[in-house]
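Novice: my questions concern the predicted model and sequence given below.
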Amino acid sequence: MNKQPHAYCTYFDSGYLSRGLALIESLRRHGDDSPVWVMALDEAARAYLADAAVPGVHVLTVVDLEAAVPELAGIRAQRSRMEGYFTTTPLLVRWVMDQYAEPTSVVYLDADLYFFDDPELVFDAMGDGSVGIIEHRYQPSLAKSLAKYGRFNVGWVGFRNDQRGTACLDWWGRSTLEWCRDTPDAGRYADQGYLDWFPKDFEGVSVLGPHGLNLAPWNTAGSAIAADGGAVTVDGDPLVFFHFHGLKKVGRWWITSQLVYRTLMGAVLRSGVYEPYVRELERTTAIVEASPLIPHTAVASRGTGLRGLLFRAQRGAINRLAIVTRTAVRAA
């Protein structure tokens, strides 16, 4: 894959805009100036990105994708909002690939990723592979219960524009159009479960080995995380990027999802990973919130009546436990 120029694609709405900007900045900070294509999921995100005109960032909408895949509109209408987004993942990768006259590799990135080292290290791990995927590496105590979500994580998935890469990518796109639900079913789960078929059914699929790729709350417990000068290592490998799944701001705290995966936060994970990201998120959030293009509306409480009260009580207890166990980071 590193033999072709590459481009990235991702999608997010205005609620995740600050995370998307942090992701892009982390790529640039580590020397990757490759194009980034963002599918804006609401008008506020589209307007902000169009107005900001960030160099190397290209903006499209779901309508643009539906123009290329006419059946997508009808299918999305039959699925939940999130299922509709998951359906588009491989179609977005293919759409971006088709924008280039010369063969260009395309990588899908979740918007809540953040790079701590050179993104080229991921391509080095692919070698001559045409497709790159990364295992969840669930900690042993959760491996059985989480297996229904798939062996591989969809946070970073790369395809080279060659016969092997496009064969796998196009199969993935046909599959999500046929079925893409947010509930596990017979090995399938959203856009992610299909990745389990990649190494079994297609040639040229590289399972990327270094543990510094896609470190995440679900695999920190099984990893030796250490400080090496000013850098962080994972089982001896440099931390290239972290997946900040489930990180939420509650009042003056950023609550991580470490406890959800029965994992505490060690000193290196706190000071070398979470705190730098939180500082960057607060910076990008301040920029976004200063824009008149972003509406400032109150977030409605989830649920009503007794059910809503119980949910908020449970969430409040989890948040307090995260603070007490130091699996939360205080805002600046």
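Specialist: Okay, I see it. Small disclaimer: the values here were computed from a predicted structure and weren't measured.
Novice: could you find the closest non-adjacent residue to Ile133?
Specialist: Once flanking residues are discounted, Ile133 sits nearest to Phe152: 4.7 Å by CB to CB, 6 or more residues apart in numbering. Glycine gets a C-beta too; all of them are placed from N, C-alpha and C.
Novice: show me what contacts that neighbour?
Specialist: 133-136, 192, 195-196, 198, 207 (CB atoms under 8 Å, 6 or more residues apart in numbering).
Novice: ok, so of those residues, who is nearest Glu66?
Specialist: Of all these, Gln192 has the smallest distance to Glu66: 22.3 Å, by CB to CB.
Novice: is it true that the closest one touches Val154?
Specialist: Yes. With contact defined as CB atoms under 8 Å, Gln192 reaches Val154; the gap is 4.2 Å.
Novice: which phi and psi does Tyr114 have?
Specialist: When read as degrees, to the nearest 10, the backbone of Tyr114 gives phi -150, psi 130.
Novice: tally of neighbours for it?
Specialist: 20 (other CB atoms under 10 Å).
Novice: who is it paired with across the strands?
Specialist: Phe242 (DSSP bridges).
Novice: give me the element Glu203 is part of.
Specialist: Using DSSP states H and E, Glu203 is not contained in any helix or strand.
Novice: pretty sure it contacts Arg164?
Specialist: Yes. Taking CB under 8 Å as the definition, Glu203 is a contact partner of Arg164 at 5.1 Å.
Novice: these two: who's more crowded?
Specialist: The residue with more neighbours, out of Glu203 and Arg164, is Arg164; 16 against 13, by other CB under 10 Å.
Novice: pretty sure the more buried one sits against Val131.
Specialist: Yes. If you go by CB under 8 Å, Arg164 and Val131 touch, sitting 7.1 Å apart.
Novice: which neighbours do those two share?
Specialist: Common neighbours of Arg164 and Val131 (CB under 8 Å, 6+ apart) are 202, 204.
Novice: this structure: helices as residue ranges?
Specialist: Applying DSSP state H to the chain gives helices spanning 17-29, 43-52, 62-68, 71-77, 81-97, 120-126, 140-146, 163-178, 198-201, 267-269, 275-289, 305-324.
Novice: now those in a markdown table, with distance to Leu109 and mean pLDDT?
Specialist: Conversion of the helices of the chain to a markdown table gives the following (distance: least, CB to CB, whole Å; pLDDT from 0 to 100):
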| stretch | distance to Leu109 | mean pLDDT |
| --- | --- | --- |
| helix 17-29 | 7 | 98 |
| helix 43-52 | 15 | 97 |
| helix 62-68 | 17 | 97 |
| helix 71-77 | 21 | 97 |
| helix 81-97 | 10 | 98 |
| helix 120-126 | 10 | 97 |
| helix 140-146 | 22 | 94 |
| helix 163-178 | 15 | 98 |
| helix 198-201 | 17 | 98 |
| helix 267-269 | 21 | 97 |
| helix 275-289 | 15 | 97 |
| helix 305-324 | 26 | 75 |
